[in-house]
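# need coordinates for the following:
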Amino acid sequence: MATRSATGASRPLIGIRDRSLSRARTAGEPEGEWTADSRRRRRRRVHYWVGFDVGKAFHWVCVLDGEGKEVLSRKVEAVEEDLETICSELERLGGERTVGLDLLGGPATLLQAVLIERGERVFHVPGVAVNRARDAYPGEAKTDAGDARVIADQLRLRQSSLQEVRPREEGEAELRVLVAHRRDLLQDQTRRAARLREVLLGVFPGLEAALDFKREGALLAVTKVASPAAARRLGEARLRRWLKDRGVRKAQDLAERVVAAAKAQHRKLPASEAKATLVAEIASEILRTRERIAELDRHLEELLVASPEAEVVRSLPGMGVVFTAEFLAEVGDLSRFASADSLAAAAGIAPVLRASGARSYQRRARRGNRALKRLLYRSAFSCIAHHKQSEAYYRKKRAEGKGHHRAVIALARRRVDVLWAMLRDGKTYSERPPRAA
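Okay, here's the model as predicted:
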C-alpha cells in the first residue's frame, strides 16, 4: 500500500532506511523484480519432506513442503526403474529433502538402497507411530496415500527423534541376516520339540517320560524306535550297537531305558504307526536343524574376526560368539546413541519415570528392542554363576529387596554402562583392581 506525497509521487507507508537490510540486486536485474536465478536460489532454500508408504507390489510417495502443503502424491511401482524415476523427480524439486520410510528391510530393501545411493537422507518412521498418529488427522479412512502423507508430516515434526538409516557394510548386513535366520531356526526348534513330545505321548508315553530330548542320543533313538512294538522287536543289544555306531555316549544305558519302557506297554494306541512315523520324522528334522545352527555359529565367528568392535564386546564376561553377533547386529552404528542411557532405553532395560501432579514413580519399560533386551538379560544371567563381580552386584540388588528378575535387569543395565565405556574407548574388558583399605 502507498500514499501520495505533497509533490504527487507515491511513497510506501513503511520504508527501509538502512539499505544494508535490502536485498542486493544482481547485475542486470530490474529493480523490484525477481530474476530466474534469484527464484531458483529461493526455491533451493525450501525443505521438502518425503514420506513413503512401503508395500510389496508398489509404494505410495507423498511430498510436503516446509509448511506441510502437499507438493506430490502418487503411486510408485516397486521396481528399480520406477524407483529411479521418482528419485529423479525428487531431485528436480530442488531444495533440501528428507525421506521417511515406515518399514526397513523386506519389501523396502530395494527402495532403501536406491534412495541412499542417490544421496537422500532417509529416516525410519515406525509403523506403530504412524498408526497412532493417524487418529490425529481428519477422517477415518485408511489409504496408502493418507499413510504416506502422515509419514511425511510426522517426519517433518519429529525428525530429531527418529533414527537415520545409514548404509550398511557388506559384513554388517550379512551378520544381521544370519543372526535373524538363526533366531528363526531356534524358534522352529522349540515348536518341533513341543510337537515331538505331544505326538510321542499318543503312541509311546513311557518313552516320552524316560528320555531327555535335549540330548542328541535320545533324538537318534526315536528315529529308530518310536513305538513299543518296534523297540521290542529290535531288542536291547541291537539298539545298543546301533546307537554306539553313531557315536552316542552311554549307549547301553539309553538302550536299557528304551527297551524297559517298551516292555512296560503292551497296548497298541490309536494311529500308532502313523504317529511313530511322524515322531521319527520330527526328530530327524531337529537333528538336521542342530547341524545347521552349528554351521551358522561357525560362520558368525568367522565374521566377528574381521570386526574390531566384536573383540571388545566379546571380552565382556557372558558375551560369547552368539551374543556378540546379536548385539552388533541389533545395535548397528553405535554413534546413533548419545550415551549409555540412550542405549539402555533403546533396549528397554532402563526404568521409566511416571509423574503426574504430586504422584511420581518408576516402572519397567514396555517398549524397546526386544531382541536386544533378551540378549542383554540372558548374558547378564549367564555370567552370575562364573563372574564374581556380577554375582556380587546381583546379590547386592537382591539384598535391597529386588526379586530375581529385577535384579538381573539391574545387572544388565550396569553392564550396558561398562560395555558403552569399552566401545567408546576401544578397550577390551579388564577387572578393576580392588581399592586399598
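
# the chain - how does it break down into domains?
The chain breaks down into these structural domains: 43-165, 178-301, 308-425 (assignment by automatic domain parsing).

# want to try a markdown table for those domains, with distance to Arg432 as columns?
Every residue, glycine included, has its C-beta placed from N, CA and C. Putting those into a markdown table (distance: least, C-beta to C-beta, whole Å) gives the following:
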| stretch | distance to Arg432 |
| --- | --- |
| domain 43-165 | 34 |
| domain 178-301 | 29 |
| domain 308-425 | 8 |
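
# tell me which of these approaches Glu172 most closely.
Distances from Glu172 to each of those were compared by C-beta to C-beta, and the smallest falls on domain 308-425, at 7.0 Å.

# end-to-end on the closest one?
Start and end residues of domain 308-425 are separated by 12 Å (C-alpha to C-alpha, to the nearest Å).

# is it fair to say Arg267 lies in a strand?
No. For Arg267, which was evaluated using DSSP: H, G, I helix; E, B strand; the rest coil, the result is coil, with no strand membership.

# my read: Ser272 touches Val203, true?
Yes. Under the criterion of C-beta atoms under 8 Å, Ser272 makes contact with Val203 at 4.6 Å.

# counting neighbours, go ahead and name the busier of those two.
Shown here are Ser272 and Val203; by other C-beta atoms under 10 Å, Val203 has more neighbours (25 against 18).

# for the more buried one, give its distance to Lys268.
Note on Val203: its distance to Lys268, by C-beta to C-beta, to the nearest Å, is 9 Å.

# ok, now Gly100?
Gly100 sits 63 Å away from Lys268 when distances are taken as C-beta to C-beta.

# so for these two, which residue has more residues nearby?
Taking neighbours as other C-beta under 10 Å, Gly100 and Lys268 compare with Gly100 leading, 28 against 12.

# chain neighbours aside, what residue packs nearest to the more buried one?
The shortest distance from Gly100 to any non-neighbouring residue, by C-beta to C-beta, 6 or more residues apart in numbering, is to Leu155 (3.6 Å).

# which strands and helices sit next to the host helix or strand of the one you found?
With the criterion set as DSSP states H and E, the secondary-structure element containing Leu155 is helix 144-158. Using 3 or more C-beta pairs under 8 Å, 6 or more residues apart in numbering; DSSP states H and E as the contact criterion, the neighbours of helix 144-158 among helices and strands are strand 47-53, strand 58-64, strand 70-77, strand 96-101, helix 127-134.

# show me how far the helix or strand where Ala276 lies is from its chain's centre.
According to DSSP H and E, Ala276 maps onto helix 272-305. Shown here is helix 272-305, whose average C-alpha point lies 24 Å from the average C-alpha point of the whole chain (C-alpha atoms, centre = their mean, to the nearest Å).

# what residues of the following helix or strand past it count as buried?
Scanning forward in sequence from helix 272-305 by DSSP H and E, the next helix or strand is helix 308-314. By neighbour count on 16 or more other C-beta atoms under 10 Å, the buried set for helix 308-314 is Glu309, Ala310, Val312, Val313, Arg314.

# would you list those residues in TSV and tack on pLDDT and distance to Arg166?
As requested, the buried residues of helix 308-314 are arranged in TSV below (pLDDT from 0 to 100; distance: C-beta to C-beta, whole Å):
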residue	pLDDT	distance to Arg166
Glu309	89	15
Ala310	91	19
Val312	92	20
Val313	93	20
Arg314	92	24
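
# which stretches in the protein count as strands?
Taking DSSP state E as the criterion, the chain carries its strands at 2-4, 10-12, 47-53, 58-64, 70-77, 96-101, 121-124, 163-165, 352-356, 359-363.

# quick check: mean pLDDT of the fifth one?
Mean pLDDT, computed over strand 70-77, is 94.

# likewise the first one?
Mean pLDDT, computed over strand 2-4, is 50.

# surely Phe213 is in contact with Ala194?
No. Phe213 sits out of contact with Ala194 when judged by C-beta under 8 Å, with a separation of 10.2 Å.

# quick one: the residue nearest to Gly100 and Leu101 touch, right?
No. Taking C-beta under 8 Å as the definition, Leu155 is not a contact partner of Leu101, at 9.4 Å.

# so, low pLDDT: which residues of this structure?
The model of the chain has pLDDT under 70 over residues 1-45, 433-437.

# next, name the residue at the spatial heart of it.
To find the centre residue of the chain, average its C-alpha atoms and take the closest one (C-alpha atoms, centre = their mean): that gives Glu330, at 5.3 Å.

# pretty sure Arg354 contacts Arg366?
No. In this structure Arg354 lies outside contact range of Arg366 using C-beta under 8 Å: 11.2 Å.

# neighbour count winner among these two?
In terms of neighbours (other C-beta under 10 Å), Arg354 is the more surrounded of Arg354 and Arg366; the figures are 10 against 7.

# just grab the bridge partners of that one for me.
When bridges are assigned using DSSP bridges, the partners listed for Arg354 are Tyr361.

# now what about stretch 412-419, what contacts it?
Judged by C-beta atoms under 8 Å, 6 or more residues apart in numbering, the contacts made with stretch 412-419 from elsewhere in the structure are 313, 316, 318, 340, 343-344, 347, 349-350, 376-377, 379-380, 390, 393, 429.
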